[in-house]
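Novice: okay, structure incoming, though there's no sequence with it:
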């Protein structure tokens, strides 16, 4: 019965949040709102679906409920913003209580952020803390969320929707307590950073203590978090070179990848593919950086030489650099792959080298006794079993050779 109720609660909440997202997007279009600023609602829709799926299948694991609750906080905040803008500015008086509905937008985000950056890492992936000693992090996170929410419930101003101030903002109180408010904000920011770093450290501790399957789950989550941070950092750095839509697209894609990674990890779907993804990311990331540096470096050098010799620039430098990079791609990729395997996948690299050497010997060796001993040695070195047996047929009679592993 509990599981049935959890199923209906999870999907009922998901359906409600999806309707809320559609309403918020519809109001944003009517408001002429910059859809780039509301694009995160698409990622929240993914969070709703994935949170509902996890919560319905594993109701005792709070990770699914955390994802759903995060989506609720962010969806509610954006819906209230668009509702208020439409009811107060776009079509004044068309919606009841428009100037008051904006209130949750000023404070509901903080609970959603705490769920995402503190509680989710602490309980990921099995829904349990590493030990009871980590409960104080949870309590501090909840306390931080409550204090930040209360502080912003009554903060004056209209920063969330210009022209629609916080209906419960206490201008006089905040002006009187301005020094205290500033100190409290600094304290909240410091606490936020410390709690986030501690939650991230818990994943490291959990990874060191976990076994194979749980390690794969953590790899999925950490990979997505690193991608999220790197993609958004690049978007900020390249803001002046590319249009704003590129930054918004990077944010949407990277946040979508987080929800997908959580789904793969918790539902244990294609867990071991993450090793291939990490390997390819390291190889092609390093390769792209090296080729980019080589390309721009060669263009600069050739342009300088041509300018010195001919007195002017030439497209020849760009063409020559492009051809050189095309020629370098394959050998450089092979070298980078070997370096990555040797540095980060040493055990697999050694196995590959052992099998490669055995294949080479197999082509040259004709003595079955020698091949028998060599094969048993290779199996011992690569798989390290407790017992190795080799059975083969020779000239109509059965022969059995065996060897003990280490």
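Specialist: Alright, I've got the coordinates. The model shown is predicted, which means the values in this text are computed figures rather than measured ones.
Novice: can we go C-alpha only for contacts and neighbour counts from here?
Specialist: Fine.
Novice: so residue 161, which state does it fall into?
Specialist: Following DSSP: H, G, I helix; E, B strand; the rest coil, residue 161 is assigned to coil.
Novice: check the gap between it and residue 19 for me.
Specialist: Going from residue 161 to residue 19 by CA to CA, to the nearest Å gives 22 Å.
Novice: more neighbours: those two, which one.
Specialist: residue 161 (16 against 13; other CA atoms under 10 Å).
Novice: residues in contact with the more buried one?
Specialist: 81, 85 (CA atoms under 8 Å, 6 or more residues apart in numbering).
Novice: could I get the pLDDT score of it?
Specialist: Here the pLDDT value assigned to residue 161 is 87.
Novice: for the remainder of this discussion, apply numbering that starts at 342.
Specialist: From this message on, residue numbering opens at 342, which makes the last subject residue 502.
Novice: now it. Its backbone dihedrals?
Specialist: phi -150, psi 100 (degrees, to the nearest 10).
Novice: spatially nearest residue to residue 466 (excluding sequence neighbours)?
Specialist: Counting by CA to CA, 6 or more residues apart in numbering, residue 607 is the residue found nearest to residue 466 once chain neighbours are left out, at 6.2 Å.
Novice: quick check: the gap between the one you found and residue 419.
Specialist: Relative to residue 419, and taking CA to CA, residue 607 is found at 28 Å.
Novice: cool, and residue 374?
Specialist: Distance from residue 374 to residue 419, counting by CA to CA: 12 Å.
Novice: okay, those two: which has more neighbours?
Specialist: Counting neighbours by other CA under 10 Å for residue 374 and for residue 419 shows that residue 419 has the greater number, 26 against 14.
Novice: tell me which residues touch that one, please.
Specialist: Shown in contact with residue 419 (CA under 8 Å, 6+ apart): 365, 379, 446.
Novice: show me where the stretch 592-741 of the chain dips below the pLDDT cut-off.
Specialist: For the stretch 592-741 of the chain, the stretches with pLDDT under 70 are 640-662, 664, 666, 670, 677-741.
Novice: now with 50, please.
Specialist: 738-741 (pLDDT under 50).
Novice: and if you look at the stretch 392-541 of the chain?
Specialist: For the stretch 392-541 of the chain, no range has pLDDT under 50.
Novice: now do the helices in it.
Specialist: 403-426, 439-442, 450-455, 461-464, 476-494, 512-517, 519-550 (DSSP state H, counting those that start in this stretch).
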